[in-house]
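Student: my questions are about this predicted structure, shown below with the sequence.
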Amino acid sequence: MSKVHRVNTESRPIRWLLTALALGFLFFFLGLPLLTVFIEAFKQGFGPYWGALQEPDALSALGLTLLIALLVLPLNILFGFAAAWLIARFDFRGKSLLTTLIDLPFAVSPVVAGLLFILIFGRQGWLGPWLQAHDIKIIFALPGMVLATMFITLPYIARELIPLMQAQGKDEEEAAVSLGASGFQMFWRVTLPNVKWGLLYGIILANARAMGEFGAVSVVSGHIRGETNTLPLHVEILYNEYNTVGAFAAASVLALLALVTLVAKSFVEWRMQKETAMLGAELPAERVPLAAGAPQPAPRGGNEKLEATRRFSERTEQ
Amino acid sequence: MTKKSHRVLPGFGLSLGYALVYLSLLVLIPLGGLIAKSAELSWAQFWDIATTARAFASYRVTFGCALLAAIVNGVFGLIVAWVLVRYEFPGKKLIDAFVDLPFALPTAVAGITLTSLYANTGWVGQYLEGVFGFKVAFTPAGIVVALIFIGIPFVVRTVQPVIEDIEQEVEEAASTLGATRAQTFARVLFPALFPALLTGFTLAFARAVGEYGSVIFIAGNMPMVSEITPLLIISKLEQYDLPGATVLAVVMLVISFVLLLSINLLQWWAANRHSGRHIDGGAQA
Amino acid sequence: MSIEVKNISKRFGNFVALDNISLEIPTGELVALLGPSGCGKTTLLRIIAGMESADEGQVLFHGEEATHVHTRERQVGFVFQHYALFRHMSVFENVAFGLRVKPRAERPSEAEIRERVMKLLSLVQLDWLAERYPSQLSGGQRQRIALARALAVEPKVLLLDEPFGALDTQVRKELRRWLRHLHDEMHIASVFVTHDQEEALEVADRVVVMNKGHIEQIGTPDEVYSAPASPFVYRFLGNVNVFHSRQHGQWAEVDRATHVEKDEALAFVRPHDIDIQRESSAGALSASVLHVQAIGPLVRVEVEHQGEVFEVELTRERHTQLALAAGETVWLRPRNLRVFQGEEMVSSQTFDLGAGI
């Protein structure tokens, strides 16, 4: 992203054409839809908009959405640390299998993800009869929705922490241990401060997905108004009832949330870049996309050929 | 190597335990359940359910639309990434951040918004239908529009860092050797970008295949015409046809795994093309 | 505290990193582990530190079994090749870390910590940088901070992994001298890993030359340089000319009665251990001068004998006496020569060349 004017570039008309194509594409597919949300929401003025948001069903849907995110995120953060600690700090058999398993939810359609839990906990599922006998509700209730959301968001935080911790290497933690730090001290004083921005980045992404998830939650929720309706499901119900203002009012809350997410994400990216520049750490240069495919940065080179050969054999095993 | 060799860094057992329990409860056992459920059917039953005309039509719609959307995203994603890295214009940083909107915006919101835009009364839809006679909403074309929206960031965000990493010297070298700009792009730049482009394309495709939320509003959901497989699974579920839903889910999963595998192979291939350099560098340092 | 390593072996998969290594390092000694990349020197250092566990063998500290003692309790100071400074802590906090993580009962008071850290920082002459962050320091400064941090916990043993590997030549030379000085003040056993022979010879009391997981030679810098125990040590420490018995006649001749032809005998001679003479004499090889070049205090002469090129280093005085020119025919005589058959040394000869030096 050099600011230096490049002599060696496309001719002016081609530059204009490409820029126009790119901006036009983004305008039609991103800008216009976002604008539409707010225009539709305020079509009949502020009064009906505010009224739609004050509906008890809308409020309880918002509450449930927040509650699910609140329940899912802590468990997911712990999992992210456990997985990243294993993969970035230890060599063990089955490491590449573990990496693949973490990515798996990316490859599963949300609808199929919901179905997985119905097959286990649903009325006709494995545990169905037992659950009914003991009067425990998982499907069409909060626990099922939490499970489905956990499944969908499983890779997000681990995926952020793994490449970051791999790039940082284990030298600092080994130094802490050789200076006498206990595991707890090492984690709080060295590991956590080193990855705090990457962790926050992962939390932001996982939170956005947790609050916005539709397909998986829809399958296990049962759409009981005021009980098992999240905000995205609420949008669907109102829309299908031709309550356009109500649907778009709820949608505008979610869109606002998306904008907050984008701002927070940009802020964290900016902090990470600043910290990378300032601390001279060897962090991955660009943000990797949210999903399975991003190529991971190669671990930092040690000086021994042995390490290189070990690393090579790891890679070929995969 | 795992035998009783002690490890200097603590927490291996604890992390392994938690990660395994978490993965087992959420991923391994549920997937095992799915396989077990489908194993209750005979091969012939399975085949019958998987290949009904309606199921076949839904595969065609799902994979056809996903492919088309991924191709559009491949082309425009490359252009967007190129423009964002190489050119300067006001508001560039803002637009760069904005590219991630589909990651942040709930799919249901995207679904109803795109529908109202592309319906025959919507801002875009009325012109498309009035001027060109082209119906988008409630047809497969609408599905493609929704899937393009969902997939935009995948291609841009995979290709962008690779464009940033290309050394200017390489292009300069090509031009001092007499290559035109077009030749430089075709012979020098594009081959360097291709693996990332392919990865981004595959990711966008994989995501589009499984997409549900944004599609159901705009698709019209007419069986045989604009019904996607995930929706067919849900309608089977609503009719308490668990075996039917399971079979379709297995078909989708198998295809998704093949996709995931090809993504990993691509990554492995891309990593290995450079691995020689890493090893040499490591040994010298 | 002394360190003793007994019969240590370590494998990574099929790769043998260390093959039955034994080594003793008395208190007060500064020892260099020297060898090429992949020879196992870093692995050995990490095993001594307890960061890697050996497959077989023992590590003893001051005669006491330490093989299974955790790194945390070994009281070793470890200096990492890439410093491993905590990037989000100031220099002061980095050095104080080892004191702050002590159990409450043993932890010094804040005032004591302050005093000890500042004392260490002035020992490494960087007390004026206490509030900076690692990224704001030069490589040499980071290395000294890493040392101060390791010394803060008053280690019984100091271990350094390629301590100067990432620094440029000028800084490296300065830090070498400084490390030597520091070690002499601390009176502990220190071990450092290096692949730079000059560094090992200049700083260490003793040098351990390693190759492919085993020890080739242990000795003082002078011993390993002047009396290498194997062809590997010859080649690794400085330049050497190799003469083949078949081609170069008596230089590498060995008693054929005792050494039946298994390997060809090879004579190793350092370039400065060859003299060039204008007259033939017993045992001299004829050669033609290819090229003469003055390098600093020495003059390097390339000569050819039977199709092979050898290097001879002469003093400037000797070169002035001889006034060699390319194309001339001269005679080579060795001053110091060792003959090996395979890995085994079969003879070591020193010749008094008398006049002409």
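Tutor: Alright, I've got the coordinates.

Student: okay, now the unreliable bits of the stretch 151-300 of chain A?
Tutor: The model of the stretch 151-300 of chain A has pLDDT under 70 over residues A:278-300.

Student: make it 50
Tutor: For the stretch 151-300 of chain A, the stretches with pLDDT under 50 are A:281-300.

Student: just the stretch 1-150 of chain B next, same as before
Tutor: Scanning the stretch 1-150 of chain B for pLDDT under 50 picks out the ranges B:1-5.

Student: ranges for the helices of it?
Tutor: Using DSSP state H, counting those that start in this stretch, the helices of the stretch 1-150 of chain B run over residues B:12-23, B:29-39, B:43-50, B:53-86, B:92-98, B:101-104, B:107-118, B:125-132, B:140-165.

Student: what does the stretch 201-350 of chain C give?
Tutor: Remark: helices of the stretch 201-350 of chain C, listed N- to C-terminal, are C:221-226, C:231-236, C:245-248, C:316-322; assignment by DSSP H, counting those that start in this stretch.

Student: mean pLDDT and mean neighbour count added to the ones you listed, as JSON lines?
Tutor: To be clear about C-beta, it is placed using only N, CA and C from the backbone, and glycine gets the same treatment. As requested, the helices of the stretch 201-350 of chain C are exported to JSON lines (pLDDT from 0 to 100; neighbours: other CB atoms under 10 Å in any protein chain shown):
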{"stretch": "helix C:221-226", "mean pLDDT": "92", "mean neighbour count": "17"}
{"stretch": "helix C:231-236", "mean pLDDT": "92", "mean neighbour count": "20"}
{"stretch": "helix C:245-248", "mean pLDDT": "60", "mean neighbour count": "15"}
{"stretch": "helix C:316-322", "mean pLDDT": "88", "mean neighbour count": "14"}
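
Student: for A:Leu147, find the nearest of those helices.
Tutor: Proximity to A:Leu147, assessed across these by CB to CB, is greatest for helix C:231-236 (61.7 Å).

Student: quick one: distance of the closest one to the chain centre.
Tutor: Taking CA atoms, centre = their mean, to the nearest Å, one finds the center of helix C:231-236 at 12 Å from the center of the full chain.

Student: what does that helix rub up against?
Tutor: Contacts of helix C:231-236 with the rest of the structure, by CB atoms under 8 Å, 6 or more residues apart in numbering or on different chains, involve C:34-36, C:197, C:209, C:211, C:216-217, C:224, C:228, C:240, C:242, C:266, C:268, C:338, C:340, C:343.

Student: mind doing that once more with 10 Å?
Tutor: Contact with helix C:231-236 is made by C:34-36, C:39, C:195, C:197, C:207, C:209-212, C:216-217, C:219, C:223-225, C:227-228, C:230, C:240-242, C:266, C:268-270, C:338, C:340, C:342-345, as judged by CB atoms under 10 Å, 6 or more residues apart in numbering or on different chains.

Student: give me the subset of those touching chain A.
Tutor: Under the cut-off given by CB under 10 Å from any CB of the partner chain, chain A has C:36, C:39, C:195 from these close to it.

Student: can you pick the most crowded of those?
Tutor: Tallying neighbours with other CB atoms under 10 Å in any protein chain shown puts C:Cys39 at the head of these, with 28 neighbours.

Student: so that one lies in a helix, does it not?
Tutor: No. Assessed with DSSP: H, G, I helix; E, B strand; the rest coil, C:Cys39 is coil; it does not lie in a helix.

Student: quick one, phi psi at it?
Tutor: The main-chain torsion angles of C:Cys39 are listed as degrees, to the nearest 10 and equal phi -80, psi -10.

Student: ok, it touching C:Ala17?
Tutor: Yes. Taking CB atoms under 10 Å as the contact criterion, C:Cys39 and C:Ala17 are neighbours in contact, 8.9 Å apart.

Student: need the contact list for residue 10.
Tutor: Picking chain A for this. A:Glu10 makes contacts with A:16-18, B:82, B:86-87, B:181-182, B:185, as judged by CB under 10 Å, 6+ apart.

Student: can you look at chain C instead?
Tutor: Counting by CB under 10 Å, 6+ apart, C:Lys10 touches A:306, B:5, C:16-19, C:21, C:40, C:43-44, C:46-47, C:52-57, C:213.

Student: switch the cut-off to 8 Å
Tutor: Contacts for C:Lys10 (CB under 8 Å, 6+ apart) come out as C:16-18, C:40, C:43, C:47, C:52, C:54-55.

Student: in helices only, show me the residues you listed.
Tutor: In helices, defined here by DSSP state H, the members of the contacts of C:Lys10 are C:43, C:47.

Student: who's in contact with stretch B:73-82?
Tutor: For stretch B:73-82, the surrounding residues in contact (CB under 8 Å, 6+ apart) are A:18, A:21-22, A:25-26, B:99, B:148, B:151-152, B:154-156, B:159-160, B:163, B:193, B:197, B:200-201, B:204.

Student: give me the buried subset of the residues you listed.
Tutor: The neighbour-count test (16 or more other CB atoms under 10 Å in any protein chain shown) marks A:18, A:22, A:25-26, B:99, B:148, B:151-152, B:154-156, B:159-160, B:163, B:193, B:197, B:200-201, B:204 as buried among the contacts of stretch B:73-82.
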